[in-house]
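# Got a predicted model here, sequence first, then my questions.
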Amino acid sequence: MNTLTKTSLAMGLLFSASALAQTTLIHNLKGYTLEQGKLTQFSAIAFSDDKIEKIYQQPPTELPTQSPNIRVIDAKGQTMLPGLIDAHGHVLGWGLNLIRVDLKGSQSERAAVARVEAFRKQNPDLNWILGRGWNQVLWPAKSFPTAKALDKAFPDTPVWLRRVDGHAGWANSAAMKLAGIDANTQAPDGGEIIRDGMGQPSGVFIDNAMALIEQQISPLTQAEQVRVLRAAMADLARLGLTSVHDAGVGHHTLAAYRQLADEQQMPIRIYAMVAADDSQFEQTLAKGPYRHPGSMLDISSVKISADGALGSRGAALLQDYSDLHGHKGLLLYKEEELKALMHKAMQAGFQVNTHAIGDRANKLVLDHYQREIAKTQTKALRHRVEHAQILQLSDIPRFAELGVIASMQATHATSDMNMAEDRIGPQRIKGAYAWRKLLDSGAVIAAGSDFPIESANPFFGLHASVTRQDHANRPELGWYPGEKMSLTEALNSFTHDAAYAAHQETMIGELRPGMKADFILLQNDPFTMAPERLWQTQVNQTWVNGKKVFDIETGR
C-alpha cells in the first residue's frame, strides 16, 4: 500500500462528512482547552467550514495531501487556546477611543489638558473635542478637575472628557454655556453637579447629570456607527477576542450591528445587551429576543445600571464612604422603577444584566432578582450582576443560590487597589473583588474587562486574575492574594463560563467536535511562562468560524 493510500485511509473518516467543503487540519500545536472546567491538551485540530470535526490528543500519524478541499497548516509549535470572550465591554466606546483624546495614565490635570491641546492641533476642524480616561486618583491632589484649566486652552470650543470609568465627565465653560448650565441648574435624580465654594458648577458632572452636557453633542449617524464598530471589532480580534458581550446598546447601534451582520462584515461575535435607558427600550422588548441566523449577533439580554462607580464615589453603599463622611453614593433609579424594569425585561424573555458596584446596589439587585425570578419563573435565563464589585459577605452565597452569574472584571481590582480601601475601609474590602469567595460558594464568574475603562487585552485580565498585581509586579504577593484564581480557573472564566453567561456554551468557549472553530494562536505558552509575564502574551492569529480574522504578519 503506497503512502497516499495509507494517508487517505487514515484521514478518510475525518473528511467524509463534508466532501465539498474545505477541511483544514492545523497540526504541530501546543493546544489547550477545557472540559467541564478541567484543562486538557491536544496537538492538532481539524475543522470544516465553521465547525470542529476532530481534536487530536496525539500528533496524527499521517498527514493528508494538500488539495482544493484539504488544507494542512503547520503551526510550528504555537500555542492554541479557545477564542477568548469578554463578557463586559463597550464596543462603540472602544472604537471611539481610537478617534478621540486618550487621557488614560495622565498624571495631573495639567498633563491631561496638554494631551487635549496636542489632539486639537491634529484635529483642528472638530466642533466638539471629546475624550476619555482621566482619573483624578492618579493626580497629586487627588481632587476633581475644573473647567478653569480647560478654559485657558479652549475658551470657545466645547470640550467634554469622560472619566476613566465613564461615570463622571469634565466640561469646560464653553460646553456648559451651550448646555445652559449655571448656578441655578439642578442635577437630575441619580446625578450630581460638583460645585465650587461659591455654588457655581465646577465643570464635573456625575452619573445622570452627565446627560446635561451630552444631550448637546450630535449623535453619530448609522453609517458612522457602522465604521466605528467594524474598526473596533477588528482591533478586538487583534487582541485575541473572538466574542464580546456589549454592555448597554441603544437602538441606533443595534441597527448598525444588524447591518454588519446582514452584510457578513462582523469579524467577531457580539452578544448585545439592550440599554435600559434607550428611548426605544420598550419597543425593543416588545420584539423579543433576536439571534441573527449567521450566529454572529445575539440580542437577548438587557443592561440596567443600578448605581455609579467607586472612583467617583457614585457606587451606592450601605454605610458612608470611609473617606467622605455623610456620603453613601448614588442609586440611578428609584427602587420601584428598578424593579419594574427588571420585571418587564424578564417577562419579555430577556436575560437581565444589572450593573452594581456598591454593597447597597448589589444587595438591592439581588433582593429584586430573588423576588422577580420567582414571579416570572426565569431562573433559566441566567440573570447577571455586572461588576458585583463590593459585596456584603452574607450576599456572596446568594449568587449560586439564585443561579445569578457574577460578571466581573479582574483588572478593576488592580486598577482600583490604589483607592478602594480608602473608599470603603478594611472591613468592607473583604467582600470586594472577591473572586475566590464567589468561586468557593459555587458561583459562576464570567470574565471581562469593561473596556474602554480598562484595556480590552484579555491577557491583562488573565494576569490580574492570577497575580492580583499591576504590570510592575506590585504589590509583591498580590493585593489580597487570598482572592486569586488559578490560571485554569481564569481561562475558564474567559471561555466556557463567559459563553455560559450568554447561553452559548454549546457553541463556543471550548474546542471539541461540533463546536464553532473559534480559536487563537499565541507566540507564548501561558501555562509555562512566569505568571507575572502573562500580560505580555502575544497573539499571532485569531480565527472565528474557521476563518482567520487577524494575522500578526499582515497586521489584519
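It's in.
# which residues sit against stretch 359-374?
Stretch 359-374 has contacts (CB atoms under 8 Å, 6 or more residues apart in numbering) with 306-307, 315-318, 328-329, 331, 335, 338-339, 342-343, 346, 352, 354-356, 378-379, 383, 385, 388-392, 395, 398-399, 402-404, 428, 431. For glycine as for every other residue, the C-beta is placed from the backbone atoms N, C-alpha and C.
# let me redo that: stretch 246-264
By CB under 8 Å, 6+ apart, the list of residues contacting stretch 246-264 reads 88-92, 219-220, 222, 225-226, 229-230, 266, 270-276, 278-280, 283-284, 292, 294, 296-297, 299, 303, 305, 353, 355, 386, 450.
# What are the buried residues along it?
For stretch 246-264, a neighbour-count test (16 or more other CB atoms under 10 Å) marks 246-250, 252-254, 256-257, 259-261 as buried.
# Which of the residues you listed fall in strands?
Asp246, Ala247, Gly248, Val249 (DSSP state E).
# now, which of those sits nearest Pro158?
Comparing these against Pro158 with CB to CB places Gly248 closest, at 24.4 Å.
# related to what we said a few turns ago, in a markdown table: the ones in strands among the buried residues of stretch 246-264, plus distance to Trp134 and pLDDT.
As requested, these are exported to a markdown table (distance: CB to CB, whole Å; pLDDT from 0 to 100):
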| residue | distance to Trp134 | pLDDT |
| --- | --- | --- |
| Asp246 | 24 | 98 |
| Ala247 | 21 | 98 |
| Gly248 | 21 | 98 |
| Val249 | 25 | 98 |
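# before we move on, the earlier item: just the buried ones from the contacts of stretch 359-374?
Looks like the contacts of stretch 359-374 have 306-307, 315-318, 328-329, 331, 338-339, 342-343, 346, 352, 354-356, 378, 383, 385, 388-392, 395, 398-399, 402-404, 428, 431 buried, using 16+ other CB under 10 Å.
# filter the contacts of stretch 246-264 to the buried ones?
Here, 16+ other CB under 10 Å leaves 88-92, 220, 225-226, 229-230, 266, 270-276, 278, 284, 292, 296-297, 299, 303, 305, 353, 355, 386, 450 buried among those.
# what about stretch 48-57, how long is it end to end?
19 Å (CA to CA, to the nearest Å).
# List the buried residues for that stretch?
Those would be Ser48, Asp49, Asp50, Lys51, Ile52, Glu53, Lys54, Ile55, Tyr56, for stretch 48-57 by 16+ other CB under 10 Å.
# got a markdown table for these, with pLDDT too?
Shown next, in a markdown table, are these (pLDDT from 0 to 100):
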| residue | pLDDT |
| --- | --- |
| Ser48 | 96 |
| Asp49 | 92 |
| Asp50 | 96 |
| Lys51 | 97 |
| Ile52 | 98 |
| Glu53 | 97 |
| Lys54 | 97 |
| Ile55 | 97 |
| Tyr56 | 97 |
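# just the helices in the stretch 101-250 of the chain please.
Using DSSP state H, counting those that start in this stretch, the helices of the stretch 101-250 of the chain run over 109-122, 147-153, 173-178, 211-214, 222-238.
# Of the ones you listed, which is nearest Arg468?
helix 222-238 (24.7 Å).
# Against which helices or strands is the closest one packed?
Secondary-structure packing of helix 222-238 (3 or more CB pairs under 8 Å, 6 or more residues apart in numbering; DSSP states H and E): helix 91-97, helix 251-262, strand 539-544, strand 547-551.
# at 10 Å what do you get?
Counting contacts by 3 or more CB pairs under 10 Å, 6 or more residues apart in numbering; DSSP states H and E, helix 222-238 packs against strand 84-89, helix 91-97, strand 241-249, helix 251-262, strand 269-275, strand 539-544, strand 547-551.
# which of the ones you listed has the lowest average pLDDT?
Ranked on mean pLDDT, the bottom entry among the helices and strands packed on helix 222-238 is helix 91-97, at a mean of 93.
# Compute the number of surrounding residues for Gln186.
Gln186 is flanked by 9 other residues according to other CB atoms under 10 Å.
# The closest residue to it other than its chain neighbours: what's it in contact with?
Nearest residue to Gln186, sequence neighbours excluded (CB to CB, 6 or more residues apart in numbering): Ile193, at 8.0 Å. Neighbouring residues of Ile193 by CB atoms under 10 Å, 6 or more residues apart in numbering: 176, 181, 183, 185-187, 200-206, 209-210, 212.
# how near is Ile193 to Gln389?
Distance, Ile193 to Gln389, by CB to CB, to the nearest Å: 25 Å.
# The nearest residue to Ala153 once chain neighbours are set aside: how many residues sit nearby?
The shortest distance from Ala153 to any non-neighbouring residue, by CB to CB, 6+ apart, is to Glu117 (5.3 Å). Neighbour count of Glu117, defined by other CB under 10 Å: 15.
# In contact with Glu117, which residues?
Taking CB under 10 Å, 6+ apart as the test, what Glu117 contacts is Val101, Ile129, Leu150, Lys152, Ala153, Phe154.
# for Gln78, same thing?
26, 28-31, 520-525, 540-541.
# One more: Arg474?
Thr414, Met417, Asn418.
# With Ala410 as the reference, measure out to the second one.
Translated: Met417. Counting by CB to CB, the gap from Met417 to Ala410 is 12 Å.
# Compare the two (neighbour count), which wins?
Set Met417 next to Ala410 and count neighbours by other CB under 10 Å: Ala410 wins out with 30 against 21.
# Strands of the stretch 401-550 of the chain, residue ranges please.
405-409, 445-448, 519-522, 539-544, 547-551 (DSSP state E, counting those that start in this stretch).
# returning to what we had before: need the ones in strands among the buried residues of stretch 246-264 in JSON lines with distance to Leu63, can you?
Shown next, in JSON lines, are those (distance: CB to CB, whole Å):
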{"residue": "Asp246", "distance to Leu63": "40"}
{"residue": "Ala247", "distance to Leu63": "44"}
{"residue": "Gly248", "distance to Leu63": "48"}
{"residue": "Val249", "distance to Leu63": "45"}
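# which residues of this structure score low on pLDDT?
1-20 (pLDDT under 70).
# Now do Ala223 against Pro267, distance only.
19 Å.
# ok, now Ile85?
Plainly put, Ile85 is 14 Å away from Pro267 if you go by CB to CB.
# picking up where we left off before, of all the strands of the stretch 401-550 of the chain, which lies closest to Ala499?
Comparing these against Ala499 with CB to CB, the closest turns out to be strand 445-448 (8.6 Å).
# I'd like the distance from the closest one to the chain centre, please.
9 Å (CA atoms, centre = their mean, to the nearest Å).
# quick revisit: any idea which of the buried residues of stretch 48-57 is closest to Lys484?
Of all the buried residues of stretch 48-57, the one sitting nearest Lys484 is Ile55; the distance, using CB to CB, is 29.7 Å.
# Give the bridge partners for the closest one, please.
Using DSSP bridges, the bridge partners assigned to Ile55 are Ile45.
# That one is in contact with Leu511, isn't it?
Yes. Counting by CB atoms under 10 Å, Ile55 touches Leu511, with 6.3 Å between them.
# Need the residues touching each of the two.
Residues touching both Ile55 and Leu511 by CB under 10 Å, 6+ apart: Gly31, Thr33, Thr40, Phe42, Ile45, Phe47.
# Pairing partners for the helix or strand hosting the second one, with directions?
Read it as Thr33. According to DSSP states H and E, Thr33 maps onto strand 30-35. Strand 30-35 has the following strand partners under DSSP bridges: strand 38-42 (antiparallel), strand 79-82 (parallel).
# Throw those strands into JSON lines and include distance to Val549, thanks.
Output for the strands paired with strand 30-35, formatted as JSON lines (distance: least, CB to CB, whole Å):
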{"stretch": "strand 38-42", "distance to Val549": "22"}
{"stretch": "strand 79-82", "distance to Val549": "15"}
